[in-house]
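> pasted the sequence and its predicted model underneath.
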Amino acid sequence: MGEAGAGAAAVADNFNTFKELLIERRGRLLIIQFNRPAVQNALRRRTIYELLRALDVANADSQISIVVLTGNANAFTSGNDLTDLLALQRKSGDEALDVHFRASNFVMKSLVKKMLMNRKVLIALVQGNCIGLGVVICALCDIIYATESAQFWLPFSQLGLCAEGGTSWTLPALLGRSKAAELLLFGERLDGQTALRHGMIASLVHNQQEFWTRLDKLSRLPSVSLMSTKRLLLQPWRQQLLDALDAESDQLDALRRGPTYRAQIMAFARRSKL
């Protein structure tokens, strides 16, 4: 086996170490697929840590120019796996739950900064439900595509939380202030057609084969040009987003210390398990 073949084999073996993501290399495309179909691709801490690692893999590979984050036909992701909270509480009690909550801001900041620092073009392909943290992830991508089945939902108020992951900045930038406020404050849902009309997504995907064929072609554009333009697009608003993330974290810390959050999120987790 030649050096290039050995390198490709090593990369493939590395992909096999991911348990909650499916990673596939297609030429200059890297596809990262959330892979917990039994819970609509809900994200637990392990899933997020794997995503951080996958983004590092993409960033370090000079042959990759575009990274696509996706789920399956039913869900991009249903957001944080709240049933994990119930399991943690039953197994280790409220003190362990408090430790988990205190680490939440650190995990969120790590994810946001990792996505912001990624040099590759980040694309989200959304089918079905895209809830909570799923919307956070999409809004940090350079381009969002979606099918008509897509449903974007941010139930922050229902969980006793506030905007997180920079969404107090990213969503108004994508949707306009009023529509973003409707989603963030009231948890209104946004379907694929409405997301297109408000400029949140670039276009609707009607034919998956055509979509992947087009991305394969686009991934062959000069990567130095793609990365240079991405840096220029990010430069004016990177610091504003990070400032919003810090302000959100302060509010979230205060909310998590209060009684409303614990009651709301545990009640929501019990309903989600039914």
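Arrived safely, thanks for sending. Numbering: from 1, shown residues only.
> hey, where'd the helices end up in the stretch 151-274 of the chain?
Along the stretch 151-274 of the chain, the segments classed as helices by DSSP state H, counting those that start in this stretch run 167-175, 177-186, 192-197, 208-218, 223-234, 238-257, 259-273.
> same check on the stretch 1-150 of the chain?
Along the stretch 1-150 of the chain, the stretches classed as helices by DSSP H, counting those that start in this stretch are 3-15, 45-60, 83-102, 104-117, 133-140.
> winner for burial among the helices of the stretch 151-274 of the chain?
With neighbours taken as mean count of other CB atoms under 10 Å, the helices of the stretch 151-274 of the chain reach their highest mean count in helix 167-175, at a mean of 21. Where C-beta positions appear, they are placed from N, C-alpha and C, glycine not excepted.
> low-confidence ranges in this protein?
For the chain, applying pLDDT under 70 flags the ranges 1-13, 88-89, 92-94, 97, 268-269, 271-274.
> and with 90 instead?
1-16, 81-104, 158-160, 253-274 (pLDDT under 90).
> that older thread, to Arg26, which of the helices of the stretch 151-274 of the chain lies closest?
Smallest distance to Arg26 across the helices of the stretch 151-274 of the chain (CB to CB): 6.6 Å, for helix 208-218.
> which strands and helices sit next to that closest one?
strand 66-70 (3 or more CB pairs under 8 Å, 6 or more residues apart in numbering; DSSP states H and E).
> pairing partners for the strand it packs on, with directions?
With DSSP bridges as the test, strand 66-70 is paired with strand 29-34 (parallel), strand 121-126 (parallel).
> any chance of the helices of the stretch 151-274 of the chain in TSV, with distance to Arg119 too?
As requested, those are exported to TSV (distance: least, CB to CB, whole Å):
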stretch	distance to Arg119
helix 167-175	19
helix 177-186	27
helix 192-197	27
helix 208-218	16
helix 223-234	5
helix 238-257	13
helix 259-273	35
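> can you tell me which of those comes nearest to Asn59?
Comparing these against Asn59 with CB to CB, the closest turns out to be helix 223-234 (10.6 Å).
> what's that closest one in contact with?
Residues from elsewhere that reach helix 223-234, judged by CB atoms under 8 Å, 6 or more residues apart in numbering: 28, 62, 65-66, 116, 119-121, 142.
> so which of those comes closest to Ala202?
Distance from Ala202 was checked for each of the contacts of helix 223-234 by CB to CB. The minimum falls on Asp142, at 9.6 Å.
> residues touching Ser110, list them.
For Ser110, the set of contacting residues under the criterion of CB under 8 Å, 6+ apart consists of Leu52.
> just name the most buried of the strands paired with strand 66-70.
Mean neighbour count, computed with mean count of other CB under 10 Å, is highest for strand 121-126 among the strands paired with strand 66-70, reaching a mean of 24.
> can you give the distance of it from its chain's centre?
Taking CA atoms, centre = their mean, to the nearest Å, one finds strand 121-126 lying 9 Å from the centre of the chain it belongs to.
> what's the answer for stretch 189-206, then?
Per CA atoms, centre = their mean, the centroid offset for stretch 189-206 relative to its chain is 17 Å.
> and if you look at stretch 70-89?
Relative to its chain's centre, stretch 70-89 lies at 12 Å (CA atoms, centre = their mean).
> coming back round to it: for the contacts of helix 223-234, work out which two are farthest apart.
Put simply, by CB to CB the two of the contacts of helix 223-234 set farthest apart are Arg28 and Leu116, 21.8 Å from each other.
> so which of those two has more stuff around it?
Ranked by neighbour count (other CB atoms under 10 Å), Arg28 and Leu116 place Arg28 first, with 19 against 15.
> how much space separates that one from Ala54?
Distance, Arg28 to Ala54, using CB to CB, to the nearest Å: 16 Å.
> for Leu29, same thing?
Leu29 sits 13 Å away from Ala54 when distances are taken as CB to CB.
> over to Met108?
With the distance defined as CB to CB, Met108 ends up 17 Å from Ala54.
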